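> Fold the following.
(chains A and B)
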Amino acid sequence: MDHHPSSTAIPQIAGGELDLIALERVRRFGGDTLLRELISLFAAHAPARLIAAREALTAADAVGVRRNLHALKSSGAQLGATRIQRLSQEGESSATGGHLEALPALLDAADTELALVLARLRGFGGPE
Amino acid sequence: MSVRPSIAVVEDSPDNRLLVHAILGDRYELVDYDNGSDAVAGVLADPPDLVLLDISLPVMDGSEVLARIRASAGGVARLPVIALTAHAMTGDRERYLAAGFDEYVSKPIVDEAVLIDAIERLIRRAT
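Here you go, the predicted model:
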């Protein structure tokens, strides 16, 4: 019997980190309904938070960057989006310290990660 | 019929408000405010039994909301106020307690019992 790797093997996707324990915690708080509703809210608001952070960065508005990344951190953390949480914390800290130069790359990374997270969350009842 | 304690939930993120309602809605009467200015006006006009207060708020942040409550006349100044916040840097808890918050619960909410215990303890202490 051949043991060649399947040509249709699903590649590991880097990123899209989700702490499944956090999702189970949300279920404990309010069942599948709460989980679906929180995922829907996250899907609706998180991209807008990143857009707002980017617009604030363009305007050199460190306070605006910090506020939007703080909100994204909080929402992402509740759903176990751990890399979103880390990136948002890092961006929030940079903005607080007035170090805006690293933020464009960080926001790019957050955009990529958010797309992967939202794709994974669809499997838990998120919007298509 | 016993009256449930009332809690002002001052939180601008709809997902966080939804979560707080899921955890607390069966036990308490919840009144929502999505910005600090409305929260101050509402709490002073119709004081709840406790305030659950986010720090990062539009219009007026949580620290200013707390200061306005503490500076008000009468019993409202002594309302129990819990900081519910994703600010989690070293020293944040001590800083918020020193500023006049009665308790600090960090977000994300991991253990609902921590939040409920804090609420129950503070409401009992205030009555």
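> Return the residues in contact with residue 68.
Answering for chain A, as no chain was given. With contact set as Cβ atoms under 8 Å, 6 or more residues apart in numbering or on different chains, A:Asn68 has these partners: A:49-50, A:52-53, A:56. For glycine as for every other residue, the C-beta is placed from the backbone atoms N, C-alpha and C.
> Can you look at chain B instead?
B:40, B:44, B:60.
> excluding its backbone neighbours, what's nearest the first one?
Once flanking residues are discounted, B:Val40 sits nearest to B:Arg68: 4.7 Å by Cβ to Cβ, 6 or more residues apart in numbering or on different chains.
> Report the secondary structure element holding that neighbour.
helix B:62-70 (DSSP states H and E).
> again, but for B:Ile82
Going by DSSP H and E, B:Ile82 is part of strand B:81-85.
> Parallel or antiparallel, which strands does that strand pair with?
In the sheet, strand B:81-85 lines up against strand B:50-53 (parallel), strand B:103-106 (parallel) (DSSP bridges).
> and the first one, average pLDDT?
Averaged across strand B:50-53, pLDDT comes to 98.
> thinking again about what came up before, most neighbours, which of the contacts of A:Asn68?
Of all these, A:Ala53 has the most neighbours under the rule other Cβ atoms under 10 Å in any protein chain shown, reaching 28 neighbours.
> Leaving out chain neighbours, which residue sits closest to that one?
According to Cβ to Cβ, 6+ apart, the nearest residue to A:Ala53 is A:Asn68 (4.0 Å).
> got it, and A:Val117?
In space, A:Val117 is closest to A:Ala81, 4.8 Å off (Cβ to Cβ, 6+ apart).
> Noted, bye for now.
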